[in-house]
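Chemist: Everything below, folded, please.
(2 chains)
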Number of protein chains: 2
Amino acid sequence: MSHYQAPLRDIAFVQQELLQVEQYFQATDCWQEMNAELMDAVLNESAKFCEEVLAPLNAVGDSEGCQWYDGEVTTPTGFKEAYKQYVEGGWPALEGDEAFGGQAFPKSIAIAVTEMSGTANWAWSMYPGLSHGACHTISHHGSEEQKQQFMPKLVDGSWTGTMCLTESHCGSDLGMLRTKAEPNGDGSYAISGTKIFISSGEHDMAENIIHIVLARLPGAPKGTKGISLFIVPKFLVASDGKLGERNALSCGSLEHKMGIHGNATCVMNFDGATGYLIGEENRGLNAMFTFMNTARIGTAAQGLAHAEWAYQNSLAYARDRTQMRALSGPKAPDKEADPIIVHADVRRMLMTQKVFAEGARMLVYWVAQLSDQTVQPAGSDADKAEELLSLLTPIAKAFATETGFEAANLGLQIFGGHGYIKEWGMEQNVRDSRISMLYEGTTGIQSLDLLGRKILLKAGEPLKLLITEMSAFCKEQGDNPEMAQFIAPLENLLKAWGDNTMKIGMAAMQNQDEVNAACVDYLMYSGYITYAYLWAKAAAVAQQKLNDSDDDFYRNKVYSAQFYFQRILPRTASLEQTMMSGVNNLISEQVDPFAM
Amino acid sequence: MSHYQAPLRDIAFVQQELLQVEQYFQATDCWQEMNAELMDAVLNESAKFCEEVLAPLNAVGDSEGCQWYDGEVTTPTGFKEAYKQYVEGGWPALEGDEAFGGQAFPKSIAIAVTEMSGTANWAWSMYPGLSHGACHTISHHGSEEQKQQFMPKLVDGSWTGTMCLTESHCGSDLGMLRTKAEPNGDGSYAISGTKIFISSGEHDMAENIIHIVLARLPGAPKGTKGISLFIVPKFLVASDGKLGERNALSCGSLEHKMGIHGNATCVMNFDGATGYLIGEENRGLNAMFTFMNTARIGTAAQGLAHAEWAYQNSLAYARDRTQMRALSGPKAPDKEADPIIVHADVRRMLMTQKVFAEGARMLVYWVAQLSDQTVQPAGSDADKAEELLSLLTPIAKAFATETGFEAANLGLQIFGGHGYIKEWGMEQNVRDSRISMLYEGTTGIQSLDLLGRKILLKAGEPLKLLITEMSAFCKEQGDNPEMAQFIAPLENLLKAWGDNTMKIGMAAMQNQDEVNAACVDYLMYSGYITYAYLWAKAAAVAQQKLNDSDDDFYRNKVYSAQFYFQRILPRTASLEQTMMSGVNNLISEQVDPFAM
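Modeler: Residues are numbered from 1 along each chain as shown, chains lettered A, B, ... in the order given. A predicted model of the protein is given here:
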């Protein structure tokens, strides 16, 4: 019963007007031919595929799920055919390396394809999504021979990839992992162990599956410094790229999950499977981190996806469903009751979804552009882009998924009792979105990464850089009276953000647990401020446009920014109090609050 | 994999120390024999049944669900047998009218049985839970003959009951309902129409099912003033109480829901079914409201139930699961990693669950006691109890379920990726809890009831009464230096609560939509203040006890109150800003923010 229409207008607004990607591409060495016309063509084509092929399979994927039989996994009806179309359309190669048949599109463009396919059908989009991770890892850390052997088929989508990290006893703490890699004497290794939660670990959509596996070499140091990375294909691959015999690995079972039923989450058993070392021995985790940052941007896009899906479907329902009269008097006197969109509280929920979806779009696309700028600075500073990217990634991952879940949950609420019933698709959206705050590092792990590693360990430098950039925007707008409603509160928050960070840093010098006590509220606080900056920027762009145009789109943007500042941003007031309240209300030497 | 242990100590604390129910019972006319010993005996017995019989069926109910075949519904394995044991134990009759074989226990005691059975297995507990509603309605509004005919078997649990309100096009707005009741000429009526979302509408656990149905008589006025109430039994009942022929009603299908799979949510078709008018013609909705208030207390208990379940299971997991070291250094150096309970952020989540569960217990039990006081004032004022009950009911219903859902969701988060997997039971708890913010009136409906009907329509009088009671407690504690940490912020908030309410009332005189624009944030704000009052009271009781005892239980209470005031109560700061931000950021004559 749910539907999807790609929000091409808002995507174009963010890419072209807010982030001015076209100007950026023109200043790069390799993307000069990327212009608005090309982008429109690509995104329109992708939108069509997502709306017509992927979206209708979203509910099917949930209700059928994946089926396991004797190690083989069957994906839901239509998934395989959709993937075939996707491959024929050349989509897997969009971001791929040109040397291996890729189209080398910038992430600034490709992120819109990620958004649209993910919104239309997140569970399906994880199959090609995970392949990007495997590609990325081999292309950055593999040998020339490995690249020749594996990349072409991964890039064209004939094969898919996975990332095999988690084991049943270790998720966040990969230092504890036990999977073993023993040298076979011929340069390859025998991989043995069991991995869990392996997304797309086994399926019927591609000829081969290339697993990237974390394992320990004999005598490797304990902890994270003794982990190496291996390529372990489902079918062995001859040097000419032809498929050989089946490797000694198999899917032992599928996990029964809350959501994303259309994606096969596998227990993978490696029984002396042949694997090939990527990169240096014992440096696997470092190589993995490159990939994990990219994956985190992908997961941030999932937050955007579920917020957008919730918003579109709630809006349609709120316009259609009639129930009670507006308190201020009938708005649809010809009907038995008013459509529920007239009720202020329903509008509050819809507006919240809207500013979270559009806010996530701005942040995720900005992060994608920063990622491009680390390789193609185009007159800007690559190191600065790297620093901002690394700071904003945990915010985008955790904040966009937490607020995405909130938006999904509001979607269910707007449908009332009907939201709880499967046929409307709103409860699926909640269940599907819930994983996003867990995998690729939980919200807690992102928060520690942000406050501990990215800020305090670097003496606050990356945050200063970000605040400086945001303050520059505030100064620039200082003379604009229409922008004062945004700039004044934003400037106050930027100052408080810096001051509060310093105070937490001081407290952490006395007791490291202070970081853990503050981190999640701190991340959420940072997220609200970051969205405030982006909403203010969107309002500035829109107000500028309104000088020469009477387009309602821009008027709505300003209004949405006002909503964000008045109804959402005040959450920083309570987060500030709680994150500054210290560790003593959580850990006490005198009291064990959990004793009964 | 999940477990349940009835929190008897905390239940006793709330009933006996905080609410002093024993002293209250002694002052009543009819409950003088209810003492701590009797309560302990009853609650221990109930706890045993809930822990040993109901809790193990919770996961079974979710995975099997109910099965529909040709109008008949089979409940999950074990549900029927558990219900048989429950009936044999005499539990259905606990609160029942003595005239019909009931034990006439006060709600102040029975609420603990509701909590425990609901926590152990919410979906199961809905079968007997709904019967209470039917009983209540017949006993308050039925004729003497109807009572004789239906009450004994409902009270002893041989039959169960339902409430048939919702139709596909009307949920919140019952004025639109279309089910018809036409006089048969013999005093009975022919009921025709389709009702949806009927919990326990059909099942295999009892001999008969008594439906209480809302329908319209021929020529009845439009809207809510033309609704009448009917008793419509599944099997007709002779005047001697013997079962007669099958009535013309049937379950057309089961809804496919997000959760509470163990409860049969039915589409009920009435095809000229024989029904009997209860109470006056066209006054059905008034009669229904008596019931709905009781049902709302039951749903508030559901919020408590899911928070308690989440807390208990998360706590056990957090003590067992090892992952990473505390930032301040190893706490379990003999293990490969520390149990995750050492991490401040995990403790923050556990404490949040704890203060929501225990806070809900205080509020729900207080409301139950107020309900008793409306019939047995025992020296206090019955009208005042009625006024407070009516004010606190929407707060309890919406706030305890919203925070219960938050606690359930934190439970999933504490389990990390494992929380997303069905076998751990945490995702079921989230899915099951989600309905509680929808049925018996959504959070939005409760909020309108609170701010619109219960406060502004009565010129704020009920709120003044509540604030006066809370302020009296603050004054009483004014000299206690250990209580200053709680009393000072609470007094400020009580003042602000009154002032803000007045301001919203003034704004609403200009534009009624202001009520709808403020209501949900206003209800949440009211909820946080209400819990603050209860937590301060709990701290005062505990501190008093600590003068003569060294019991860690009391030390933990004070610590939990501190956590509540420092980490949760600050949310009022942002809610105050958003609820006072006015309707203009939601409704504008210049902008349609939802136009694309």
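
Chemist: tell me how far stretch A:247-261 is from the chain's mean position?
Modeler: 22 Å (CA atoms, centre = their mean, to the nearest Å).

Chemist: before we move on, what about stretch A:51-64?
Modeler: Per CA atoms, centre = their mean, the displacement of stretch A:51-64 from the mean C-alpha position of its chain is 20 Å.

Chemist: Can I get that stretch in CSV, CA atoms only?
Modeler: Written as CSV, here are the backbone C-alpha positions of stretch A:51-64 (Å, rounded to 0.1, in the frame of the first residue of the first chain):
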residue,chain,number,x,y,z
GLU,A,51,10.2,3.8,-8.3
GLU,A,52,9.2,1.1,-10.8
VAL,A,53,11.3,-1.9,-10.0
LEU,A,54,12.7,-1.7,-6.5
ALA,A,55,9.9,0.0,-4.5
PRO,A,56,7.2,-2.5,-5.4
LEU,A,57,9.5,-5.3,-4.1
ASN,A,58,10.0,-3.7,-0.7
ALA,A,59,6.9,-5.2,1.0
VAL,A,60,7.5,-8.5,-0.9
GLY,A,61,11.0,-8.7,0.6
ASP,A,62,9.6,-8.2,4.1
SER,A,63,6.8,-10.8,3.9
GLU,A,64,8.7,-13.5,2.1
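
Chemist: near chain B, anything from that stretch?
Modeler: No. Legend: contact between stretch A:51-64 and chain B by CB under 8 Å from any CB of the partner chain is lacking; minimum distance shown is 8.6 Å. For the C-beta atoms, the positions are set from N, CA and C on the backbone; glycine is no exception.

Chemist: excluding its backbone neighbours, what's nearest A:S192?
Modeler: If you skip the residues right next to it in sequence, A:S192 has A:K180 as its closest partner in space, 5.0 Å away by CB to CB, 6 or more residues apart in numbering or on different chains.

Chemist: need the contact list for the one you found.
Modeler: By CB atoms under 8 Å, 6 or more residues apart in numbering or on different chains, the residues touching A:K180 are A:I191, A:S192, A:G193, A:A215, A:R216, A:P218.

Chemist: was I right about the first one contacting A:L277?
Modeler: Spelled out, that is A:I191. No. Using CB atoms under 8 Å, A:I191 is not in contact with A:L277; the gap is 10.5 Å.

Chemist: Which residue of those two possesses the greater neighbour count?
Modeler: Between A:I191 and A:L277, counted using other CB atoms under 10 Å in any protein chain shown, A:I191 has the larger neighbour count: 28 against 22.

Chemist: That one belongs to a strand, doesn't it?
Modeler: Yes. Counting by DSSP: H, G, I helix; E, B strand; the rest coil, one finds A:I191 located in a strand.

Chemist: Look up the residues forming beta bridges with it.
Modeler: Bridge pairing for A:I191 (DSSP bridges) gives the partners A:A181, A:A273.

Chemist: For A:N35, see how far away it is.
Modeler: Taken as CB to CB, to the nearest Å, the spacing of A:I191 relative to A:N35 amounts to 46 Å.

Chemist: A:D173 versus A:G223, what's the distance?
Modeler: Distance, A:G223 to A:D173, by CB to CB: 9 Å.

Chemist: and what of A:L243?
Modeler: In terms of CB to CB, A:L243 sits 36 Å off from A:D173.

Chemist: Flag the shaky bits of chain A, pLDDT-wise.
Modeler: Low-confidence segments of chain A (pLDDT under 70): A:1, A:596.

Chemist: Next secondary structure after the longest helix anywhere in it?
Modeler: If you go by DSSP state H, chain A has its longest helix at helix A:284-320. Following helix A:284-320 in sequence order, the next helix or strand is helix A:344-375 (DSSP states H and E).

Chemist: what distance separates the following helix or strand past that next one from the centre of its chain?
Modeler: With elements assigned by DSSP H and E, the helix or strand that comes after helix A:344-375 is helix A:382-414. Taking CA atoms, centre = their mean, one finds the center of helix A:382-414 at 7 Å from the center of the full chain.

Chemist: shared neighbours, A:I191 and A:L277?
Modeler: Common neighbours of A:I191 and A:L277 (criterion: CB under 8 Å, 6+ apart): A:A181, A:F230.

Chemist: The stretch 1-150 of chain A: helices as residue ranges?
Modeler: Applying DSSP state H, counting those that start in this stretch to the stretch 1-150 of chain A gives helices spanning A:8-12, A:21-27, A:36-49, A:57-64, A:79-88, A:107-120, A:122-141, A:144-156.

Chemist: closest one to A:G329 among those?
Modeler: Nearest of the helices of the stretch 1-150 of chain A to A:G329, taken as CB to CB: helix A:8-12 at 33.0 Å.

Chemist: Show me what counts as buried in that closest one.
Modeler: Within helix A:8-12, the residues that qualify as buried are A:D10, A:I11, A:A12, counting by 16 or more other CB atoms under 10 Å in any protein chain shown.

Chemist: same thing with stretch A:306-322?
Modeler: By neighbour count on 16+ other CB under 10 Å, the buried set for stretch A:306-322 is A:306-315, A:317-318, A:321-322.

Chemist: what subset of those is also close to chain B?
Modeler: Among those, the ones lying close to chain B by the criterion of CB under 8 Å from any CB are A:L315, A:T322.

Chemist: Between A:G223 and A:D173, point out the one with more neighbours.
Modeler: The residue with more neighbours, out of A:G223 and A:D173, is A:D173; 19 against 15, by other CB under 10 Å.

Chemist: Show the contacting residues for A:S314.
Modeler: Taking CB under 8 Å, 6+ apart as the definition, contacts of A:S314 comprise A:M349, A:L350, A:Q353, A:L410, A:G411, A:I414, A:F415, A:M426.

Chemist: If you rank these by neighbours, which is first?
Modeler: Most neighbours among the contacts of A:S314, by other CB under 10 Å: A:G411, with 31 neighbours.

Chemist: mind checking how far the closest residue in space to it that isn't next to it in sequence is from A:F405?
Modeler: Distances taken as CB to CB, 6+ apart put A:A310 closest to A:G411, at 3.2 Å, once the chain neighbours are dropped. Going from A:A310 to A:F405 by CB to CB gives 10 Å.

Chemist: Near A:A595, how many other residues are there?
Modeler: For A:A595, the neighbour count with other CB under 10 Å is 9.
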